[in-house]
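[1] Next come a sequence and a model predicted from it.
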Amino acid sequence: MVVDAVSVVPKDAEVDIKNLAGANPDVHDRLISVCNAEISKILVGQTLSTELDQKGGSRAAAETHSGLRAEIVEADGKLVSRVMNRLFRWITEVNLGPGIPAPKFTWIDEDEPPKAWAEVAEKAIGAMPGKIPLRWAYDKFGIGEEYRQDTEMIAAEPKKNPPGKTDTAFALDTEAFTAEQQALEDLGNTGSAEGTAALAGNEKKILDTVLQSGSYEEAMQGLLNLYPDLDVTALQDTLERTILAAGMYGRSTVQEESK
């Protein structure tokens, strides 16, 4: 009967079913609760946020669990960093050879908004006309609840410049490029100019098609018909040469720095 819960007895036999005294009918629910709590401790290191029962919890316990969760997150970040750095070393060695410095993968955990970000937010809010609701600014720039009491982080009202003076230094990098970066900037400008020149003929065809159309639908159909006739071979050649030059220059600078 323990295995199959079935018993065959003679017709005139008497069967007396014995019940265990104090048996708990919720044994399955209790087993599930215990298993869930153990799984939660293994995966997230705490049970307060996943297994909060009717007894509730204290603030001290919540802070302890939160700290433990942060330690687990930090440990996971270090594990990811080690794996990524190992991959970076392999990729660098396979593509550039041994002895070449590999990129470093690190986690950056900022406890407070960086100063540069705060200055950008302040200038952006200050450039808007009229008064800007703080709630809108918080949501627009993704400022968390923990920083919303900091009234000095951004300006609620726009700043007024002196008469005849405008603020043109927004997001302006005053530091000069290195020689290597300047070479890449010049390459980008040259490639952009050549690409624009290569598309000049296509631009004229597209503009003529749109101007000769009498409706939006006619213009769309004209552009679809024009698409096979657009010449992009010159642009393709420019992009291929630019990408090749940038890649070769990057390899050359890496080899020079490794010396």
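    On my side now, so go ahead.
[2] where does the stretch 1-150 of the chain dip in pLDDT?
    20-25, 46-67, 109-138, 140-150 (pLDDT under 70).
[3] change it to 80
    Low-confidence segments of the stretch 1-150 of the chain, defined by pLDDT under 80: 1-2, 5, 17-27, 40-73, 107-150.
[4] Do a quick rundown of the helices in it.
    27-44, 59-96, 115-126, 134-141 (DSSP state H, counting those that start in this stretch).
[5] Tell me which other helices or strands the longest one touches.
    What that stands for is helix 59-96. helix 233-258 (3 or more C-beta pairs under 8 Å, 6 or more residues apart in numbering; DSSP states H and E). Where C-beta positions appear, they are placed from N, C-alpha and C, glycine not excepted.
[6] which of the residues in the helix it packs on are buried?
    234-235, 238, 242, 253 (16 or more other C-beta atoms under 10 Å).
[7] Kindly indicate which of those residues lies nearest residue 99.
    residue 253 (15.5 Å; C-beta to C-beta).
[8] which residues touch residue 231?
    201-202 (C-beta atoms under 8 Å, 6 or more residues apart in numbering).
[9] please redo it, this time with the cut-off set to 6 Å
    Neighbour list for residue 231: empty [criterion: C-beta atoms under 6 Å, 6 or more residues apart in numbering].
[10] Do you know the pLDDT at it?
    On pLDDT, residue 231 comes in at 85.
[11] again, but for the one 3 residues further on
    Each residue has a pLDDT score; the one for residue 234 is 87.
[12] got the CA positions of stretch 216-224 in CSV?
    Taking C-alpha atoms only, stretch 216-224 is exported to CSV below (Å, rounded to 0.1, in the frame of the first residue of the first chain):
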residue,chain,number,x,y,z
TYR,A,216,4.4,62.5,-53.1
GLU,A,217,3.3,59.2,-54.6
GLU,A,218,4.7,60.1,-58.0
ALA,A,219,8.0,61.2,-56.4
MET,A,220,8.3,57.9,-54.5
GLN,A,221,7.7,55.9,-57.6
GLY,A,222,10.2,58.0,-59.5
LEU,A,223,12.8,57.4,-56.9
LEU,A,224,12.2,53.6,-57.0
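[13] buried set for that stretch?
    Quick answer for stretch 216-224 (16+ other C-beta under 10 Å): 219, 222.
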